[in-house]
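Q: dropping the sequence and predicted coords here.
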Amino acid sequence: MPHRREKLIFEYSRTGRGASGQWPAKVAPPADIPAGLRRRSRPLLPEVSELEAVRHYTRLSQLNFSIDTHFYPLGSCTMKYNPKACNQYAMLPEFTARHPLGPESHGQGFLACMHELQEMLKEVTGMRGVSLTPMAGAHGEFAGVAMIRAYHRARGDLARNEIIVPEAAHGTNPATATMCGCVVREIPVLADGDVDVEALKAAVGPNTAGIMLTNPSTLGVFERRIREVAEIVHAAGGLLYYDGANLNAILGKVRPGDMGFDVIHVNLHKTFSTPHGGGGPGSGAVGVSERLLPFLPIPIVGREGDRYRWLGEQDLPQSIGRLSAFMGNAGVLLRAYVYMRMLGREGMGRVGDYATLNANYLLARLTQAGFDAAYPKRRASHEFIITAKRQAKDHNVTAMDIAKRLLDYGFHAPTTYFPLLVPECLLIEPTETESKEALDGFIDAMVKIRQEAEADPQLLKGAPHTLPVRRLDDVRAARQLDLAWRPEATA
Amino acid sequence: MPHRREKLIFEYSRTGRGASGQWPAKVAPPADIPAGLRRRSRPLLPEVSELEAVRHYTRLSQLNFSIDTHFYPLGSCTMKYNPKACNQYAMLPEFTARHPLGPESHGQGFLACMHELQEMLKEVTGMRGVSLTPMAGAHGEFAGVAMIRAYHRARGDLARNEIIVPEAAHGTNPATATMCGCVVREIPVLADGDVDVEALKAAVGPNTAGIMLTNPSTLGVFERRIREVAEIVHAAGGLLYYDGANLNAILGKVRPGDMGFDVIHVNLHKTFSTPHGGGGPGSGAVGVSERLLPFLPIPIVGREGDRYRWLGEQDLPQSIGRLSAFMGNAGVLLRAYVYMRMLGREGMGRVGDYATLNANYLLARLTQAGFDAAYPKRRASHEFIITAKRQAKDHNVTAMDIAKRLLDYGFHAPTTYFPLLVPECLLIEPTETESKEALDGFIDAMVKIRQEAEADPQLLKGAPHTLPVRRLDDVRAARQLDLAWRPEATA
Amino acid sequence: MPFIPHTDDDVREMLAAIGAPSIEALFDEIPRELRTKALAGVPEGLSEIEIGRLMSERARQDGRPLSFIGAGAYEHHIPSAVWAIVTRGEIYSAYTPYQAEASQGTLQAIYEYQTMMASLTGMQVSNATLYDGGSALAEAALMAVRAHRKSKSLRFLVPANVHPHYRKVAVATAGNQDLRFDSVPYERGTGRVDIAALAKHAGEDITALVIQQPNFFGMLEDVDALTDWAHAQGAFVIAVVNPTSLALLKPPGEWGARGADIVVGEGQPLGVPLSSGGPYFGFMTTRMEHVRQMPGRIVGRTVDLDGREGFALTLQAREQHIRRGKATSNICTNQGLLMTAATIYLSIMGPEGLERVAAQSAARTRELVAALTAVKGVRRCFEGPHFHEAVIALDRPVAGVLRELANRGILGGFDLSTHYPELGAALLVCATEMRTAADIERYAGTLTEALRAARAA
Amino acid sequence: MPFIPHTDDDVREMLAAIGAPSIEALFDEIPRELRTKALAGVPEGLSEIEIGRLMSERARQDGRPLSFIGAGAYEHHIPSAVWAIVTRGEIYSAYTPYQAEASQGTLQAIYEYQTMMASLTGMQVSNATLYDGGSALAEAALMAVRAHRKSKSLRFLVPANVHPHYRKVAVATAGNQDLRFDSVPYERGTGRVDIAALAKHAGEDITALVIQQPNFFGMLEDVDALTDWAHAQGAFVIAVVNPTSLALLKPPGEWGARGADIVVGEGQPLGVPLSSGGPYFGFMTTRMEHVRQMPGRIVGRTVDLDGREGFALTLQAREQHIRRGKATSNICTNQGLLMTAATIYLSIMGPEGLERVAAQSAARTRELVAALTAVKGVRRCFEGPHFHEAVIALDRPVAGVLRELANRGILGGFDLSTHYPELGAALLVCATEMRTAADIERYAGTLTEALRAARAA
Ligand SMILES: Cc1ncc(COP(=O)(O)O)c(C=O)c1O
Ligand SMILES: Cc1ncc(COP(=O)(O)O)c(C=O)c1O
């Protein structure tokens, strides 16, 4: 990519220019709107031709790394291939044109897809009921914790407002608990990556609402004592929440419901391969066990004979309610539906198999090449952690330096500095859709970077060198806030 | 763009790999096919995953300059914005699924578009009949010359087999004449860019079948004595062919039919903005005056009341026949139809206006900056020629060197070394869809390049420097032919 | 294997490198008794040929009726260029721009988006989207609690003419932190906030007043008066606005003497297809002084090591991945793709295009109301200025009439009887620039027939 | 102004730079009397909203009937990825790669295409497409005249079972250079070339024999015998093949002892939608010795100034822009976009996928033939091996039956009575992998009814 700056769209703008073929005919604004309610000056929107807009955003797009162009082993994000079919069929004109409040008579096709999706999600997670409405993983977490609270309240068990999370938990877990009005209790993780069961025992009590767990955890290892954990929490009167961000690792292998979880969310944009879209949309469908069924967020799709209909407040009077204005990210759900139908029964287990194979292969080869695994005694799940502690000490080269240098080699960087408890960590998730050659290419780059770290650490500190910009000044970004363009601001 | 080689798709291939979700179920090949007719070894097709294919071709695409990413002033090619709407509506599922031999009962929508397109083309060209079947400009030329021959033959005028072309003509003109079994007679062009009328007078005679002319010519100037030319040729018994590649210049300003032409083709992929697709498809619809109507190539769309139907051999028994297996590039025609309807009556003239304004502005500014116009006394049409003869003499810097250096500045190069009669020529066509700022950027680059030519000619000789490859060895390409990959050929 | 590139040789070599006998062995840390048996409830895999056939059939079932429903989701024209670009792999298949240098496209688009949204709403800063309009209102309430240090009540006044679903989302979400949303009635004659009823709250500790403009009925509030009243009480103003309407209407930043404090809304009208309700995006803008209380991602312009301009996520200390339990929100993945669609949409439409869309929609709705109220048994519910929706009252229950219309391929509007039983047989109708005079005529004609038939029956 | 970015200021400044008083003045070299008046026959411009409405309406008119027509254009599955990629601006809106360094994407794709097509047909070199299958046959004939220096006759033998449209295109095109195409009859029992009739031409100066495999009736020729016979007469062999069939059938490069000399065909089955007949692409491959006589663009692999591998157009001295009147063809713009689609299609399908498509299509066609010939009044026309088409004979005129079927949403096949009146009421039918058992049942059922009704009437 050239070191050529792509102007801001506003810099292309000229008064009087415009893609007028896109405009409806001009009519006067309605006379009944009083002057005092009207806008006085035009908003700062660009005035550009259609070509200028197309060229600008096409050029901008080329500045991105993406799955379609690069290996993208961003841990915890499951950046696997997004099949083009999913988009193609979710965007059939009838689907894109369907109004969310349209009648069921003109939505049987869509509702059938949603109902089958609910059923498939129940089956692969081992839960009894599913609501598709949460719009991302964190939103599903919110629904889940809200259901846990509603459950306790419905039983009159009003003191239960503590949510336990292991220190390795994703930031959304504690943030969700707080957002739900709960108190967060962190418990430590042992040196082998498993939760400290003794600490858990000490933490549970009459205030325990529940625990939020990812399994495999964000450390890239399977929580082996999960049944014990479940028993401890259940015995204390709490419920178990499963953060499904890592479901890809165990799809078709082991089901959260069978592990003892009461409520889960599934990141459809991870395990079921809907696009990440440069930051979303996602979808965080939630599944629950029997006892939480009454609390599921609405709407849900029900089936009566061969007709489908929306279930709402009348059907679920104890529901935690509505979390989105309509039906969540319906178009994302359609994409996930298409993907799941293409995978089918036999394909589910393959996802877990090959995601795990790829991660373990990469882990094995990297450790053989001299990198340090954070949990060297453990199997990798679908991801694993490399710690650059030694490189940091010996050569003052950080995980971030390695990450930035990887960009120069044409690889998106793994997740860095998460989970927080592992120093200088790189959380690497190759996914099942990458070939052995892609992994080998990544390994080669990592080996070269290690050599560079020894021979020329400044090379890494200055990386990236071949991208549209070199390393960006985050501190300045936060100190000298420049969050919106102003006509004066650029010469 | 990085100097990173994108592997050949075959290098990603591994035996046993494949995008199996795209395959139908496996069945045995029919037993009735005898062994002797069967294939014995598999063809050399890549075995790659869907992701590998998507990633490979997405990455390849990024190596191209295109209208959507770069200013592309390739003379004679009219690289204007291709509206996205044209593609979107031509690819509606009903249109893409329609079989070419489907019944008229299931094609009234498509046929209505084709009929209206014929009518609009008649109107903007001033011709009496149109056939949409030719699949590119050269194909339209072929149809045109074949009609000219058929006309003379139908009159028993069998000796007329000479086609006159000005020396500035596009290569397809003489090539077409030959392909049609005619003899080519070239006539010179005067120093002011107009055809040498005296030479024309000398050239015409009883063998004259016709003359092929572009107007404005490929020299970027309007043939001012066109009426005289028409009279001379007509008086000699010949017909006039209008090469519509440059119609963009005069759209809505002057019509070939009014200039006296008997037959024309229109490059819909130029004037009517259908995509160039990395080399096609195009469309070369032909229009004719009254006397050539019976000879139009089939099929044509006819209208009876409010029904549309195909017209074929029965309807046009004197037709030159069929030039394509079905109906030419129907999908391209749909795109052109959408574009023409969006332009509408008032939009047609705007095309000619602004294409001409842009060209004359660029010409004025470049000559003010010290470049040499090939026809300094003339108005530019929608394009114009700069000659680098002086740069070649003074600094040994060729038109090609300038062209390659422009790539480094982020501009596609103009057409080089065409027309052949202007030494070191650059044929520059900005089109009407480019903004003044885009033109100014190009001018700035040209000025810098001229300075570089003086200060550091080697910089230009080595250009481009910032593209995926540096200057390619054409001589080697032709001498050591490597036209297909072989497994041994790459390490 | 669909989507999996491994050959048998690959698997063999990889297992050898790992030192494991089989893929199965890689799962040996999972307690055996937990292992899943066959997933009988999942059907067998389909090829793309088969899924294509199935989805086309399902789409055909839903058809393409002529719709006059609005109620928070609007059928506007979307230039073909918008989705041609956002479905490009580099946009569609990238994630949150954590590696700024490898994500300048996404980051610059967000910066441009922030600029446009701030200007459209008349505020200073925008985030990079929330989930949707409803959840954005909930987040705005939570943010108001944080930003408005003086108010301790956690109490919000929410007029009954705010979108009923939004109110429910706010309760379901922020209710967990004990925020209270008290209803304020609307005037029966105009459908607008009942100022007299509101005035009764004078002097109370109110964290914020929510004002939707246009309100759920499509009517225009006296936003200046409401805003000044709230500010006089020491309450924040949370504006809920339709972005298209802002081409015509006074931006919340200019409401009253000081302007709204937080602005949210549903971004769907800006280039996002209806698509059964999502994915859409919620937008949020505010004044610079509150930026550190804002939820969601924010992009800033900065420089690189060579001093070249570039873009990066900033103020991340507000977010869950840094601040965890003390973050401004739990939001992580947002609605990036739709934000990009909206940015391209706004670039292509420009100020003139958006203004025309707004004006045309308003004009069409006026034609619609005129045509429908000319039908016997139909009258308008509320008097006063409105935008591109209106409430009409029928002389018989709405549900049956809508069913009758749907049978004839017309979706006649949103039945208000569930949420507003006090209005009787009331129907919320909408027309945008997408509805033609012929469409409106068809609706009026069909309605006439339907009502006549009902009367006869 | 749609698509034109000029502001009034721009125009003023630009005219000032030119030194012209108005845009109008720029046309002052055009004789005044020639200037166009209003284009009354062109309707007023439409916005994208309006054209979208119109095109959707037109599409709806055409519907989506269930089709069993083949006859040279085939409805195969196209992976969604194919058109998602080729409509990317960098591919869609680029032109012929004249500037190789700025077009490596297109050039490398062509090189890959050439490799695939050469291998698929069993030949050594491929060009970068011709217009379509029909025009490719015409070009092959012209090329044979150039390449086959020994033959002076300009005479071609073309069996009557070669696609009738291709034969017409060849005559309309190459007839202008006095090439002659003499018909060879087919056997009434098998639909294959009548070898006895062919043998009568032994010893004549024949430039080439054209062999279509499978032939227009879908039947498989004895290509070895035909090829060897032609070569024994000193004639070239021009093969016309269906590329999908080559996954199963012997490639022309292996026909007979020496293989075909020139291979052409219609590329549409490889990822190109039916789209009313185009844009498709013609392919052509040949042996290396004839490469300099080949029409069309060719890409070669070479190196750059630094020795790095790269791709460029080569052997351009064959082409019209260099050789002008002496070029191998007048072709300039070809069918690049479709070539790219085919290259991606072949990459995604791979050898196994293409084989399955071919085998499934053949199997479905056998089921179709079985189902249709089980209907009273229907029988098969020809005996012998075939690919994915077959000719069936009805007991009454085809046109009326097809009309009846079309009324019920089924396109029953291609009526052969115009081109082959000697076959009576004959219908060419086709099924590909896209037709299900249910589709076939529906056709058979509907045909039964239609014939019964016709009999009763
Ligand atoms: C472990 C884990 N939990 C929860 C989430 C939150 O999901 P989302 O981003 O969809 O809200 C993520 C997302 O990155 C995650 O990795
Ligand atoms: C002047 C002129 N004539 C004819 C043609 C041939 O048109 P096509 O490439 O569509 O065959 C061209 C194309 O570049 C041209 O520029």
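A: That came through fine. Ligands and ions are numbered 1, 2, ... in the order given.
Q: tell me how the chain divides into domains.
A: Answering for chain A, as no chain was given. By the assignment in automatic domain parsing, chain A contains the domains A:9-61, A:85-343, A:351-476.
Q: think we crossed wires, I meant chain C
A: Under automatic domain parsing, the residue ranges defining each domain of chain C are C:66-76+C:350-456, C:80-344.
Q: so which of these is nearest ligand 1?
A: domain C:80-344 (3.2 Å; Cβ to the nearest ligand atom). C-beta coordinates here come from the backbone N, C-alpha and C atoms, glycine included.
Q: check whether the closest one comes near ligand 1.
A: Yes - counting by Cβ under 6 Å from any ligand atom, ligand 1 has neighbours in domain C:80-344: C:332, C:333.
Q: quick check: mean pLDDT of that domain?
A: Model confidence over domain C:80-344, given as mean pLDDT, is 97.
Q: quick one: it to chain centroid distance?
A: Offset of domain C:80-344 from its chain centre (Cα atoms, centre = their mean, to the nearest Å): 10 Å.
Q: now do stretch A:321-341
A: With Cα atoms, centre = their mean as the basis, stretch A:321-341 stands 15 Å off its chain's centre.
Q: go on, stretch A:482-491?
A: With Cα atoms, centre = their mean, you get 32 Å for stretch A:482-491.
Q: check stretch A:342-354 too.
A: Centroid separation for stretch A:342-354 versus its chain: 20 Å, with Cα atoms, centre = their mean.
Q: and stretch A:427-434, what's its mean pLDDT?
A: If you average the pLDDT values across stretch A:427-434, you get 98.
Q: same question, stretch A:206-213
A: Stretch A:206-213 comes out at a mean pLDDT of 98.
Q: tabulate the domains of chain C in TSV, adding columns for mean neighbour count.
A: As requested, those are exported to TSV (neighbours: other Cβ atoms under 10 Å in any protein chain shown):
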stretch	mean neighbour count
domain C:66-76+C:350-456	20
domain C:80-344	24
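Q: dump the ones you listed into a markdown table; add distance to chain D as well.
A: Putting the domains of chain C into a markdown table (distance: least, Cβ to the nearest Cβ, whole Å) gives the following:
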| stretch | distance to chain D |
| --- | --- |
| domain C:66-76+C:350-456 | 7 |
| domain C:80-344 | 6 |
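Q: make CSV from these and add distance to residue D:434 to it.
A: Below are the domains of chain C laid out as CSV (distance: least, Cβ to Cβ, whole Å):
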stretch, distance to residue D:434
domain C:66-76+C:350-456, 30
domain C:80-344, 24
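Q: so is the helix ranked longest in chain C next to chain A?
A: If you go by DSSP state H, chain C has its longest helix at helix C:336-373. Yes - residues of helix C:336-373 contacting chain A under Cβ under 8 Å from any Cβ of the partner chain: C:336-340, C:343-344, C:346-360, C:362-363, C:366.
Q: out of the domains of chain C, nearest to ligand 2?
A: Proximity to ligand 2, assessed across the domains of chain C by Cβ to the nearest ligand atom, is greatest for domain C:80-344 (24.6 Å).
Q: so is the closest one next to chain B?
A: Yes - Domain C:80-344 lies within reach of chain B by Cβ under 8 Å from any Cβ, at C:80, C:81, C:84, C:89, C:90.
Q: among these, name the ones in strands.
A: Nothing among the residues of domain C:80-344 next to chain B maps onto strands, per DSSP state E.
Q: let's have these in CSV, adding distance to residue C:407.
A: CSV is the format used below for these (distance: Cβ to Cβ, whole Å):
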residue, distance to residue C:407
C:80, 32
C:81, 37
C:84, 36
C:89, 43
C:90, 45
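Q: out of those residues, which sit inside helices?
A: Reading helices off these with DSSP H, I get C:80, C:81, C:84, C:89, C:90.
Q: so the first one makes contact with residue B:84?
A: Okay, so that is residue C:80. Yes - the criterion here is Cβ atoms under 8 Å, and residue C:80 meets it with residue B:84 at 3.9 Å.
Q: from residue C:182, how far off is residue C:153?
A: Distance of residue C:153 to residue C:182, given as Cβ to Cβ, to the nearest Å: 10 Å.
Q: residue C:408 now?
A: Distance, residue C:408 to residue C:182, using Cβ to Cβ: 43 Å.
Q: again, but for residue A:361
A: From residue A:361 to residue C:182 the distance is 59 Å (Cβ to Cβ).
Q: near chain A too, which of the ones in helices among the residues of domain C:80-344 next to chain B?
A: Answer for those near chain A (Cβ under 8 Å from any Cβ): C:81, C:84, C:89, C:90.
Q: what's the farthest-apart pair in these?
A: Within these, C:81 and C:89 form the most distant pair, 16.7 Å apart (Cβ to Cβ).
Q: ok, back up a step: just say which of the domains of chain A is most tucked in.
A: Highest mean neighbour count of the domains of chain A: domain A:85-343, a mean of 23 (counted as mean count of other Cβ atoms under 10 Å in any protein chain shown).
Q: might you report the residue contacts of residue A:130?
A: Applying Cβ atoms under 8 Å, 6 or more residues apart in numbering or on different chains, we find residue A:130 in contact with A:118, A:119, A:121, A:122, A:285, A:286, A:287, A:288, A:296, A:300.
Q: with residue A:104 instead?
A: A:111, A:307, A:308, A:309, A:310.
Q: got a pLDDT number for residue C:23?
A: pLDDT for residue C:23: 98.
Q: the one 10 residues further on now?
A: According to the model's per-residue confidence, residue C:33 sits at a pLDDT of 94.
Q: now stretch A:158-175: how far from the chain's centre is it?
A: Centre-to-centre, stretch A:158-175 and its host chain are 18 Å apart (Cα atoms, centre = their mean).
Q: now that stretch - C-alpha only, PDB.
A: The C-alpha coordinates for stretch A:158-175 follow below in PDB (Å, rounded to 0.1, in the frame of the first residue of the first chain):
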ATOM      1  CA  LEU A 158     -33.600 -10.700  46.900                       C
ATOM      2  CA  ALA A 159     -30.100 -10.600  48.400                       C
ATOM      3  CA  ARG A 160     -28.400 -12.400  45.500                       C
ATOM      4  CA  ASN A 161     -26.600  -9.600  43.700                       C
ATOM      5  CA  GLU A 162     -23.100 -10.900  43.400                       C
ATOM      6  CA  ILE A 163     -21.700 -12.100  40.200                       C
ATOM      7  CA  ILE A 164     -18.400 -14.100  40.400                       C
ATOM      8  CA  VAL A 165     -16.000 -13.800  37.500                       C
ATOM      9  CA  PRO A 166     -12.500 -15.400  37.100                       C
ATOM     10  CA  GLU A 167      -9.800 -12.800  36.700                       C
ATOM     11  CA  ALA A 168      -9.200 -14.100  33.100                       C
ATOM     12  CA  ALA A 169     -12.700 -13.100  32.100                       C
ATOM     13  CA  HIS A 170     -13.400 -10.900  29.200                       C
ATOM     14  CA  GLY A 171     -14.000  -7.300  30.100                       C
ATOM     15  CA  THR A 172     -17.700  -7.500  29.100                       C
ATOM     16  CA  ASN A 173     -18.400 -10.000  31.900                       C
ATOM     17  CA  PRO A 174     -17.700  -7.700  34.800                       C
ATOM     18  CA  ALA A 175     -19.000  -4.700  32.800                       C
END
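Q: so for it, what's the average pLDDT?
A: Here the average pLDDT along stretch A:158-175 is 96.
Q: which positions in chain A make contact with chain D?
A: Counting by Cβ under 8 Å from any Cβ, chain A sits next to chain D at A:14-17, A:19-25, A:48-52, A:54, A:58, A:83-85, A:87-89, A:93.
Q: out of the residues you listed, name the ones that lie in helices.
A: Using DSSP H, these in helices are A:50, A:51, A:52, A:54, A:58, A:84, A:85, A:87, A:88, A:89, A:93.
Q: hang on, residue A:40 packs against residue C:248?
A: No - with contact defined as Cβ under 8 Å, residue A:40 and residue C:248 do not form a contacting pair (10.9 Å).
Q: do the longest helix along chain A and ligand 1 meet at all?
A: Ranked by residue count and defined by DSSP H, the top helix of chain A is helix A:330-368. No - Helix A:330-368 is not in contact with ligand 1 by Cβ under 6 Å from any ligand atom; minimum separation 10.7 Å.
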